[in-house]
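J.: Predicted structure and sequence below. I'll ask about it afterward.
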Amino acid sequence: MMIVIPNTGSASPVRIRRQWVKRIQWGVLFGLMVLIYGSHAPLITLTKVDGSVPFNSSSCVVLIELAKLLISLVTLALTGGTSALRAPQRLVHVAPYAVPAVLYALNNNLVVHMQGFMDPSSYQVLSNLKIASTALLYSLCLGKRLRPAQWFALGLLMAAGVCHTYSSLDLGDPVRAVAEEGPRLHVTAWGLFLVLVYCFVSGLAAVYTERVLKSQKLPLSLQNLYLYMFGVAVNGLSSLSLVTSEKSFLEGYSGVVWVIIAGQAANGLLMSVVLKHGSGITRLFIISCSMLVNALLSWAILGLQLTPFFLLPVSMIGLAAYLYYR
């Protein structure tokens, strides 16, 4: 009897082609997410009227979650996964998906609340601590050991975020800046505490979501359905509790706002792919690279000036990616 063993070694052309296809797919996914993340702030700036956002931000979050829920439902139907939805689901399998919705809703409210205890630039600098918190929780909760070079790479990501923020500050004449606008940088003790809570919750939400997605052998579209079902419920209740008479639910919506909703919905769904088949650390690199895209789009669309110092965070992020993934 002859036993035929197919050529599945590392030199197999089929295997090499599959590896390249997979790399290209991840590259396209990474690039698309970086572009969406980086364009978010410039697009919001384009919607402003007389320096303020004309639409209800809480209603925007609800619509983003609703869009992700509907897309997940359609995807599940197109892939023939509705049978899994019709099957009775145990509460112990569904309930864990409520936790990320609560954590992300908490962070959304923290971001708004923190602004009263620090200036925006200090928030941008200190929020880079979520890179450290995510890495620590990733290592502790998921049992992933990082090499010293990888820890150094994540430290470079944090430093790149700080450098990018400070490169956008006008520190040429601090005396005039203080005289005209008051102190540019300030953080209260309560503000620092809230930032630490925000960074911890951000890291916990990412690591917990990754653990849930990978621990259950369910179709990703069904898992997304559970995630965003709770997301719509939690953010809907949060939106109702913050209802004011100033703006109605869809007041101030424009074409750009709907582009923002579509982009953020797509980004949320793509992030679930990253957490399911990749890691939360990849998410950190996406967010860091998006800062650079944000700056370039702000220069191209909004006419903001870039300084030579901008090349420093670019180099640091590139070096961090090389050290982490080599």
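T.: Yep, that arrived.
J.: Not counting its neighbours along the chain, what's nearest the most centrally placed residue in the chain?
T.: With distances taken as CA atoms, centre = their mean, I287 lies nearest the centre of the chain, 6.1 Å away. Nearest residue to I287, sequence neighbours excluded (CB to CB, 6 or more residues apart in numbering): Y37, at 6.3 Å. No exception for glycine: its C-beta is placed from N, CA and C like everyone else's.
J.: The one you found against L292, yeah?
T.: No - between Y37 and L292 there is no contact under CB atoms under 8 Å: 10.5 Å.
J.: So which of these two has more stuff around it?
T.: Y37 (22 against 18; other CB atoms under 10 Å).
J.: Now do the contacts for that one.
T.: Y37 makes contact with 267, 286-287, 290, 293-294, according to CB atoms under 8 Å, 6 or more residues apart in numbering.
J.: what's the closest of those residues to Y322?
T.: Within the contacts of Y37, the smallest distance to Y322 is 16.2 Å, found for I286 (CB to CB).
J.: contacting residues around that closest one?
T.: Residues in contact with I286 (CB under 8 Å, 6+ apart) are 30, 33-34, 37, 274.
J.: Please apply the same query to K48.
T.: When contacts are counted by CB under 8 Å, 6+ apart, K48 is found next to P54.
J.: May I have the phi/psi pair for it?
T.: Dihedral pair for K48: phi -70, psi 140, per degrees, to the nearest 10.
J.: just L304 next, same as before
T.: Backbone torsions for L304, taken as degrees, to the nearest 10, come to phi -70, psi 150.
J.: wouldn't it be in contact with S298 here?
T.: Yes - L304 is within contact range of S298, at 4.4 Å (criterion: CB under 8 Å).
J.: Give the burial count for Y324, as a bare number.
T.: Y324, neighbours per other CB under 10 Å, totals 21.
J.: Give me the pLDDT for D170.
T.: Note for D170: predicted pLDDT of 48.
J.: before we move on, what about the one 3 residues further on?
T.: In the prediction, the pLDDT value recorded for D173 is 45.
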